[in-house]
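Engineer: Pasting a predicted model and its sequence here:
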Amino acid sequence: MRFLLIALLLANLALFLYMQSGETPPPQLPPPVAADKIVLLKPLAEGEPVPTTSAPLPEPETACLEWGPLADTQLDNARAALNRIPGLGAFQEIRRQGPARSWLVSLDGFDNRGAAVNRANELRRQNINDVSVLEPESGPGATFTLSLGIFSSEQGAESRVAALTEKKINGVKITPRASGTAVFFVVANPSPALEQQLRELLPRFADSTVQSAVCLPPQTS
C-alpha cells in the first residue's frame, strides 16, 4: 500500500515538473502524400509570362453578308426581293448612317417595267453603258426610273449629262442623294450561289452594295 502511494506521488511530481518546464508537445506532421499525386512544375525562365488556364475569347463570326444601304422608300421592294430568293432563310435589318452624298443621273416617268426595259435596250444600242432599271418608290403613282450613272461629285454627274445631251438623249436629270440613316440587311451563312443572287439585285437598288460583315447576335422578341 505504501509502495502504491509513493508511486502515485512520484507520478504527480513528474507531471508537475513537466508542466512547469513550459514545453509543448511536438506538432503533428501532415499525412504523407502518395507519390503518384505529386506533380512537378517547370520553373519559368526569366521574362517568360505566367501561363493562364482561362480560355481565349471567341472571335466574332464573320460568315455573313451585308446588303445596303437602302432608303425607307425601297424597303418594301427590297424585302420582297429577298423573300423571293430560295433558301435564303432569316435575315436581319439594321439602321445606321448611310454613305457619303452622291448624285444620280436618270431618266424617269416610265409607267411600267416593260417600258423602262425597252428604253434601256434602246440606249444600249446607242452604245450608252451603265444603264439599269430602278425599282419604283412605294406609294400611289410611283413610276420606274432608268439609272444612267451614280457619281460621287456633282461635276461628274454634269459631265455625264453633257455627254448624253450630245447623243440627243433628252429628259436626263440629276438628283442629289443626301447622306442620312439607311437600312442594311444582314444575311447569315451565305453560299456562293446566294451571294451571286444578292449581287444581281444591285442594279435595281441604286447605291447598294454587297460585302462581308460581322454577324449580328440573334434578335430576341
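Structural biologist: Happy to help now that I have it. Numbering: from 1, shown residues only.
Engineer: Run through this structure and note the low-pLDDT ranges.
Structural biologist: For the chain, the stretches with pLDDT under 70 are 1-62, 98-100, 178-179, 219-221.
Engineer: ranges for the helices of it?
Structural biologist: For the chain, the helices defined by DSSP state H occupy 2-20, 75-83, 113-125, 154-166, 192-199.
Engineer: What are the contacting residues of stretch 74-81?
Structural biologist: Identification of contacts with stretch 74-81 by CB atoms under 8 Å, 6 or more residues apart in numbering yields Trp67, Leu70, Glu135, Pro136, Glu137, Ser138, Val183, Phe185, Leu201, Arg204, Phe205. All C-beta atoms are positioned from the backbone trio N, CA, C, and that covers glycine.
Engineer: Going by neighbour count, which residues of it are buried?
Structural biologist: For stretch 74-81, the neighbour count (16 or more other CB atoms under 10 Å) marks Gln74, Asn77, Ala78, Ala81 as buried.
Engineer: now swap in stretch 139-147 and tell me
Structural biologist: Residues of stretch 139-147 classed as buried: Phe144, Thr145, Leu146, Ser147 (neighbour count, 16+ other CB under 10 Å).
Engineer: Straight-line length of it, end to end?
Structural biologist: 20 Å (CA to CA, to the nearest Å).
Engineer: Residues touching that stretch, excluding its own?
Structural biologist: Under CB under 8 Å, 6+ apart, the answer for stretch 139-147 is 73, 104-113, 115-116, 119-120, 123, 130-136, 203, 206.
Engineer: Just those residues: which are in strands?
Structural biologist: Mapping the contacts of stretch 139-147 onto strands (DSSP state E) picks out Leu104, Val105, Ser106, Leu107, Asp108, Gly109, Phe110, Ser132, Val133, Leu134.
Engineer: if we can go back for a sec, rebuild the buried residues of stretch 139-147 as CSV, extending it with distance to Arg96.
Structural biologist: Shown next, in CSV, are the buried residues of stretch 139-147 (distance: CB to CB, whole Å):
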residue, distance to Arg96
Phe144, 28
Thr145, 25
Leu146, 29
Ser147, 24
